[in-house]
Structure formats: structure tokens, C-alpha cells
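In: for reference, the sequence and a predicted model appear below.
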Amino acid sequence: MRFIIKTFFELTIVFFLFSCSKSENGSVQNQPNVVFVIADQWRAQATAYTGNQNVKTPNIDKLASESVDFSNAISSTPVCAPTRASLLTGQYPLTHGVFYNDKPLKNEATTMAEVYKQNGYVTGYIGKWHLNGHENHENTWDKRLQPITKDRRQGFDFWKANECTHDYNGSSYFDENDKEQTWKGYDARVQKDSAIAFITKNSENPFFLMLSWGPPHNPYLTAPEKYTQMYDSSKIILRPNVPDSLAEKARKQLAGYYAHCTALDHYLGEIQKAIKDAGLAENTILVFTSDHGDMLQSQGQFAKQKPWDESIKVPFLLKYPAQINNSQKIETPFVTADIMPTILGLSNLEIPTTAEGNDFSAHLLNNEPINIKAGLILCPVPFHEWSPIRGGKEYRGVRTERYTYVKDLNGPWLLYDNKDDPYQQTNLVNNDTYLSIQKKLEKELQLLLAKTNDDFKPADFYMKKWNYTYDALDTIVFKKRS
């Protein structure tokens, strides 16, 4: 009997030590899985749950009713590569150096995928990458067609990705062995199938999966016919900040844009079903978001990089039933750099000291107060669609729950009261009635600039500091400006 008790005691100790060891490397069974779905250029206003009467997004609407809705999720630098680098590193663009498209995220960067991998997770990436970049002597478009080699995947092992394409039907990608493959049909549908296969295969292991869709980024009129037939451009209701002269153009673009959105909504519903069918719904952190928005002729503007809400505001829904069992809306500004520390915090993993963003996990899990007043928005280098020849300018600004305040190199530029003026049609900058508010917003901006070591210099300063060259068209533009 004494032998049996002794043996039982020894086995208990061994089991305890084994469990502790497994917990330390993050591979215990109760570690949450993470499925992070990101679309390209999907603005926050393009969902039915936010009140849009045009677009059909039933699955996303249902997800919103079950999730934390960050209703003021802000793309700090609203353009592709800078956002993607920030969400992976938890840093602002002037820290990680990707403030211009097609510049490389350094291998030395500590990314979210690397943290998960170091803690025993299986990591996977599917879709558009746009962080491989190119060196000064290389051609942007040629580099986009090349594979992203293993040393440039920033912690992801499973790999079905391309650098960047806007051909969403039958485009090519590269696998883990740098072998070129083809997504047959509409890319997003096939990528969804790969994501479901990854989830099913790894149902016994903690995993971190990023699925990166190319739509609804233009070209707008290339969604499957099943979805394009759902939208009649003549019946599209426009935002009141679209000029009459651009109304017809906006309606045609929006009809195609919404068709892409509805297609992705359908696929997101299938992904949620797959997570549930695999028995993983309770212990999976599911995120749906976008890298930035799209002006779509609001304010007479197109595309992104601009500081208006259609460009900077994105959907951000987070569902984690095991720890957050009620839907809620968070109106505190939640910026791109906050994503990495928050997701790692929810996963009970150590946040790298290199991260600059705020960790919202204590609020989400324990309802601890959020002492954040403003989110930083910035454009260190205006380029391509927002180049100076098209009215582009360097800016720094803040987005609070209520206000947007932006400065360019000449001083205060924009001030909007987004509560009373949700379509940002009245610029209140230097308005006597709002000078005290403007002064407070200026103070918040200066605090954020100091925190991020941003001295707000002209574009050339940062390009030279990082030894970057402008792409061909931008080179001509900036030479003329100087």
C-alpha cells in the first residue's frame, strides 16, 4: 500500500511538472487558437450592422452581434504595407520603417507570428502579403511577382501567398517551397477553402492563422456574377459627402465594391461554420478587419491615405467566447499598433518590449478602465494615388471618440466634430467657437508624437533617413516640389 501511494505521488509530481513545462512554451490544449481575417480596403461604413442600407453582410452582422465591436478602429497610416507591418509588429511606421508601399519589413522585426511560433503554435498565412518589398535597384512590379522566401515570412510556416496582385480571378501564388501555383477561380473563395483545411487539420494543436483577402480593393467590377447581380448601381444610396458631379461614378464603383463585400461575407460565414464544426468555436479568437478604407468619391476623393473617416476607419470585430461571452461596443480609438499587443494579451503570451501599441486585453477580460483619449493618424510620405500632384500632403492628426484633428506641414488643416457632423462636411479648424477644443486636440497630438519619437518632417527627410528611393512617378513629383 505504501508503494502504491508513493508511486501515485511520484506520478502526480511528474504530471504536474509536465503540465507546467507545456504551459511555459504555450502548447497546452487550452491556449486559444487565433483566426485573423483581413480584407483589403474595406471601409467601416460598408457593413449593414453600421447602418448601411446598400450592402448585404448577414454573416458579418451576426458576428458583430456576438463580438467586441471596436467602433472606432483606426488605420493609423491608411495604406496597405504600412498597416500590415504595424499590425504584425505593434509598431508605428516610423519605427518599423514601412511607411511607403513596397518597402521591406526588416527580418529583425519581432512579429506576432514569431511570438506564437515560439510558444508552440502552428502558424499559417494565406493570401496577400505586401511586406516583402524591394531594394532600391529593384522594380516594384517585377518584385511583386516573385516568391517570398522562407527567411522573409516573419514567423509563418504554412504558406500560400503572393506579394500583391489585384487580379482576383485565377492569379498565382507561391507555396512553402517557393513553387508557383494558381488559385483557380475567384481567389478569395479558394483561399477560404485553404483556411478551412488548415483549421481542420490543426484542430488538435493551437494555431495562429492569417487569411488576407485582396478584395474589395479595386478593380471593383470583378466579383463573381452571383454577387454582382445582387446590386443595381442606380439604386445605390450615396453618402451625402459625395459631390453630385461624381454621383454616377460612385454608384457604379460601389455596386461592384459591395458585390466583393457580400462574397467575402459569405466566405466568412463558411469559415465560422468550419471553426464550429471542428469543435473550436469556444476557444478560438476570431478577428475580422481591414487594412484601411476607401474614399469611393466621398469628399471628391478616391482610394486611401487620406485622413477622412472613409479612409481611416475600418471594421474590427473580435470574438472569443471562452473569455468574452457577451457582445460589446468599444468607442475608444483602437489603432493598428494596438492589434498585436491586444491579441497576444488575450492569448496570455508575453508582449515584446518592441511593441508600441496599447494592450486592450485587460479591459476586455477584466473590464479594467481604458485611459486612452486619442488615436494617432499619420502620413509621413504621400505617394502614388495620394502623391502631391494629386493633392497629397504629409500630415499628422488624432481621431478621438468625437473629433478628428489634422495638421499638415503648414499648420492646422482639418477639424471635424464627428458627432454633429458624421460626414465631415464642415471644417472647423481655427473656428473661434472651437479654439479651446482645437488646443486640447493639439496637446493630445503632441503627446502622441513625443511618445512615438515623431518630429513631423517633410517626406524627403524620412526617405533619406531610411535610404529609400521614390518610385518613378513619385520621383518626378517630389523633384518638382522641391
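Out: The structure has been received and is ready for your questions. Everything numeric here is computed off the predicted structure, so don't read it as measured data.
In: quick check: longest strand in this protein by residues?
Out: strand 207-216 (DSSP state E).
In: chain center to it: distance?
Out: 10 Å (CA atoms, centre = their mean, to the nearest Å).
In: output the contacting helices and strands for it.
Out: In this structure, strand 207-216 packs against strand 33-40, helix 112-118, strand 122-128, helix 187-201, helix 247-277, with contacts taken as 3 or more CB pairs under 8 Å, 6 or more residues apart in numbering; DSSP states H and E. C-betas here are computed from N, CA, C, even on glycine.
In: got TSV for those, with mean pLDDT too?
Out: Output for those, formatted as TSV (pLDDT from 0 to 100):
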stretch	mean pLDDT
strand 33-40	98
helix 112-118	98
strand 122-128	98
helix 187-201	98
helix 247-277	98
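In: quick one, which of those gets closest to Ser234.
Out: The minimum distance between Ser234 and these falls on helix 247-277, with 6.9 Å, by CB to CB.
In: pull out the buried positions in the closest one.
Out: 250-269, 271-272, 274-275 (16 or more other CB atoms under 10 Å).
In: tilt between that helix and strand 33-40?
Out: 170 degrees (axes from the mean of the first three to the mean of the last three CA atoms, to 10 degrees).
In: who does helix 247-277 touch, helix- and strand-wise?
Out: strand 33-40, helix 58-65, helix 187-201, strand 207-216, helix 225-228, strand 284-290.
In: change it to 6 Å
Out: Under the contact criterion of 3 or more CB pairs under 6 Å, 6 or more residues apart in numbering; DSSP states H and E, helix 247-277 touches helix 58-65, helix 187-201, strand 207-216, helix 225-228.
In: what's in contact with the longest one?
Out: It stands for helix 187-201. For helix 187-201, contacts defined as CB atoms under 6 Å, 6 or more residues apart in numbering pick out 124, 126-127, 160, 168, 171, 183, 209, 211, 213, 215, 264, 267, 271, 274, 278.
In: separation between the residue most central in space within the chain and Tyr258?
Out: The centroid of the chain falls nearest to Asp291 when counting by CA atoms, centre = their mean (3.4 Å). For Asp291, the distance to Tyr258 equals 18 Å [CB to CB, to the nearest Å].
In: next one: Asn59
Out: Counting by CB to CB, the gap from Asn59 to Tyr258 is 14 Å.
In: ditto for Asp309
Out: Asp309 is 18 Å from Tyr258, where distance means CB to CB.
In: then Val34?
Out: From Val34 to Tyr258 the distance is 28 Å (CB to CB).
In: same thing with Ala161?
Out: Distance from Ala161 to Tyr258, by CB to CB: 26 Å.
In: re the thing from before, now, which of the contacts of helix 187-201 sits nearest Asn241?
Out: Pro215 (23.8 Å).
In: wait, the closest one sits on Ala259?
Out: No: counting by CB atoms under 6 Å, Pro215 does not reach Ala259; the two are 8.9 Å apart.
In: find the nearest non-adjacent residue to Ser75, please.
Out: His292 (4.1 Å; CB to CB, 6 or more residues apart in numbering).
In: tell me the contacts of the one you found?
Out: So His292 contacts 75, 78-79, 83, 304 (CB under 6 Å, 6+ apart).
In: wait, which of the residues you listed is closest to Asn136?
Out: Val79 (19.8 Å).
In: who's in contact with the residue nearest to the closest one when sequence neighbours are not counted?
Out: Spatially, and ignoring its direct neighbours in sequence, Val79 is nearest to Gln305 (4.9 Å; CB to CB, 6+ apart). Neighbour list for Gln305: 78-79, 379, 386 [criterion: CB under 6 Å, 6+ apart].
In: quick one: which of the residues you listed has the most company?
Out: Counting neighbours by other CB atoms under 10 Å, Pro78 leads the contacts of Gln305 with 32 neighbours.
In: so that one makes contact with Lys304?
Out: Yes: with contacts counted by CB under 6 Å, Pro78 reaches Lys304, the gap being 4.8 Å.
In: give the residues shared as contacts by those two.
Out: 292, 311.
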